[in-house]
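[1] can you look at this prediction? I've put the sequence above it.
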Amino acid sequence: MKITIETTVAAELSEVWSAWNCPEEIQQWNAASDDWHTTQSTVDLREGGRFLSRMEARDGSAGFDFEGTYTRIAPHRLIEYRMSDGREVRTEFIKGDGGVRVTIAFDAEAENPAEMQRQGWQAILNNFARHVETKPD
């Protein structure tokens, strides 16, 4: 089953693209809630390149690596990747009047309910939008 989420970021496409793919910025926005954070991020943004975000509970009680391999890159437009568990993800960046619409379609995993997955990914995407829109110029 595919799950789709989206948001519109009130910023220039180049800013959105950069914040999405910069390891230092990923560490600032990549969390579904305040009690989690990303402690490490690497990005090799090319087809066949790998990425990794180390996500950990702030209290040290849990953590996991969110990682995979890029399968298709269209700069400022599209990123597709395969996660380490084989699930596929497609992220599109579409410039519009109100900013950039970011749409993510991902294969659901079997462990957690689809609505829980949708909410978690949407929370991260909302954090991303907030991060980009409140960055100092």
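    Structure received.

[2] which residues touch the longest strand along the chain?
    Taking DSSP state E as the criterion, the chain has its longest strand at strand 63-74. Outside strand 63-74, the residues that touch it by CB atoms under 8 Å, 6 or more residues apart in numbering are 39, 44-57, 78-84, 88-89. Any C-beta I mention is one placed from the backbone N, CA and C, and that applies to glycine too.

[3] go again with 7 Å.
    45-57, 78-84 (CB atoms under 7 Å, 6 or more residues apart in numbering).

[4] so how many other residues sit close to T39?
    When neighbours are counted by other CB atoms under 10 Å, T39 registers 12.

[5] tell me which other helices or strands the helix ranked longest in the chain touches.
    For the chain, the longest helix by residue count, based on DSSP state H, is helix 114-134. If contacts are counted by 3 or more CB pairs under 7 Å, 6 or more residues apart in numbering; DSSP states H and E, helix 114-134 sits against strand 2-9, helix 13-21, helix 23-29, strand 99-107.
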